[in-house]
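Visitor: give me a 3D structure for the following:
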Amino acid sequence: MTEMMPKVAMILAAGFGKRLRPITDKTPKPMLKVAGRTLLDHSIDHLADIGIEKVVINIHHLGSLIEQHITRRTDVEVVISDETDELLETGGGIMKALPLLGEDPFFVINGDVLWLDGPTPALQRLAGTWDHNHMDVLLLLHSTVEAYGYDGRGDFMVDPEGALVRQPEREVSPYLFTGVQILQAKALAEAPAGPFSINLIFDRAIEKGRLFGLINDGEWFHIGTAGGLSEAEGYFRQRFPGIRRR
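Guide: Okay, here's the model as predicted:
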């Protein structure tokens with residue numbers, strides 16, 4: 001397939017990070033640091049490295065801290081989608097930001113994800129796999145049993161063509177959703193008003209045979225708890241001693 005590199009991305013940064021309390025009572029989850037750099041900046045670094053021109057970030061919980069922090073970024077244009085008045089969840093947050101994102105496919109990254117690329121940047125691999133004729137959503141997946149800090153059952157089964165279905169109930173599926181994806185704006189055409197989960201869009205895409213996945217060939221870290229945060233920090237400290245990121 002021909003590589004279609006999106007020019008715009010959205011980072012979902014509005015959540016409360018409840019499982020990381022009390023840490024997140026005063027620090028929004030995307031502002032937590034691993035290897036001396038915020039999770040938010042780790043993601044923006046990945047986006048800047050592949051030439052993304054604009055990054056839309058939604059804010060709610062302690063949003064002013066995020067808004068103040070991102071003024072330091074000069075390598076990409078950063079635009080705020082303000083959800084101070086109402087937290088819209090993942091799907092609703094994307095819907096509200098659509099006028100800023102445009103009509104072309106765009107990246108969406110959860111504000112609390114952390115990953116290391118394999119031989120080729122994961123975002124570049126997603127762009128190279130994207131096929132707008134057959135896909136509404138393309139998810140970056142990771143091995144359920146090889147994810148750092150993760151103890152869940154996974155999310156999806158993958159067929160030989162890369163199409164996804166949900167895990168059978170009470171079974172462990174081989175792959176989890178990393179929180180990184182390419183999304184077509186038209187996939188939200190019939191989305192409800194107000195707050196809703198992006199999982200609604202995934203399920204509708206599954207029904208149409210238009211939800212696909214790509215397996216991550218690097219490392220991925222689940223920063224859902226204090227233990228997961230500590231494990232990620234320990235990995236970076238051991239793997240990259242003395243690391244100094246820009």
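
Visitor: tell me how many other residues crowd Asp45.
Guide: Asp45: 15 surrounding residues under other Cβ atoms under 10 Å. (Each C-beta comes from the backbone N, C-alpha and C, glycine too.)

Visitor: any idea of the pLDDT on it?
Guide: Per-residue pLDDT puts Asp45 at 95.

Visitor: are we agreed that it is in a helix?
Guide: Yes. Under DSSP: H, G, I helix; E, B strand; the rest coil, Asp45 sits within a helix.

Visitor: lowest-pLDDT helix or strand in the protein?
Guide: Counting by mean pLDDT, DSSP states H and E, the chain has its least confident helix or strand at helix 23-26, which shows a mean of 75.

Visitor: restricting to C-alpha, output it in PDB.
Guide: Below are the C-alpha coordinates for helix 23-26, written out as PDB (Å, rounded to 0.1, in the frame of the first residue of the first chain):
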ATOM      1  CA  ILE A  23      -0.100  11.400  42.200                       C
ATOM      2  CA  THR A  24      -2.600  12.800  39.700                       C
ATOM      3  CA  ASP A  25      -4.500  14.900  42.200                       C
ATOM      4  CA  LYS A  26      -2.000  17.700  41.400                       C
END
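
Visitor: the following helix or strand past that helix pairs with which strands, parallel or anti?
Guide: Sequence order places strand 33-34 as the next helix or strand after helix 23-26, per DSSP states H and E. Pairing partners of strand 33-34, with direction, according to DSSP bridges: strand 37-38 (antiparallel).

Visitor: now the partner strand: how far from the chain's centre is it?
Guide: 16 Å (Cα atoms, centre = their mean, to the nearest Å).

Visitor: hmm, Ile50 is touching Gln124, no?
Guide: Yes. Counting by Cβ atoms under 8 Å, Ile50 touches Gln124, with 5.6 Å between them.

Visitor: Asp41: neighbour count?
Guide: Neighbours of Asp41 (other Cβ under 10 Å): 21.

Visitor: wasn't it part of a helix?
Guide: Yes. Using three-state DSSP, the assignment for Asp41 is a helix.

Visitor: tell me how far it lies from Ala147.
Guide: Distance from Asp41 to Ala147, counting by Cβ to Cβ, to the nearest Å: 21 Å.

Visitor: for this protein, which segments are assigned as helices?
Guide: Under the criterion DSSP state H, helices of the chain are mapped to 23-26, 39-49, 63-69, 89-101, 122-129, 199-208, 226-239.

Visitor: let's have these in CSV, adding distance to Gly154.
Guide: Below are those laid out as CSV (distance: least, Cβ to Cβ, whole Å):
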stretch, distance to Gly154
helix 23-26, 25
helix 39-49, 22
helix 63-69, 30
helix 89-101, 19
helix 122-129, 18
helix 199-208, 14
helix 226-239, 16
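
Visitor: just checking, Gln184 touches Asn133?
Guide: No. If you go by Cβ under 8 Å, Gln184 and Asn133 don't touch, sitting 10.7 Å apart.

Visitor: the two - which one has more neighbours?
Guide: Gln184 (20 against 6).

Visitor: and the more buried one, what pLDDT?
Guide: Taking Gln184 on its own, its pLDDT is 94.

Visitor: show me where pLDDT drops low in the chain?
Guide: For the chain, the stretches flagged by pLDDT under 70 are 1-3, 17, 20, 23, 241-246.

Visitor: if we use 80, what do you get?
Guide: Where the chain drops to pLDDT under 80, the residues are 1-4, 16-25, 63, 168-170, 224, 240-246.

Visitor: so for it, the centremost residue is which one?
Guide: For the chain, the residue nearest the mean C-alpha position is Ile109 (2.3 Å; Cα atoms, centre = their mean).

Visitor: I'd like to know which elements the strand ranked longest in the chain is packed against.
Guide: Criterion DSSP state E: the longest strand present in the chain is strand 175-183. Judged by 3 or more Cβ pairs under 8 Å, 6 or more residues apart in numbering; DSSP states H and E, the packing partners of strand 175-183 are strand 106-110, helix 122-129, strand 137-143, strand 156-158.
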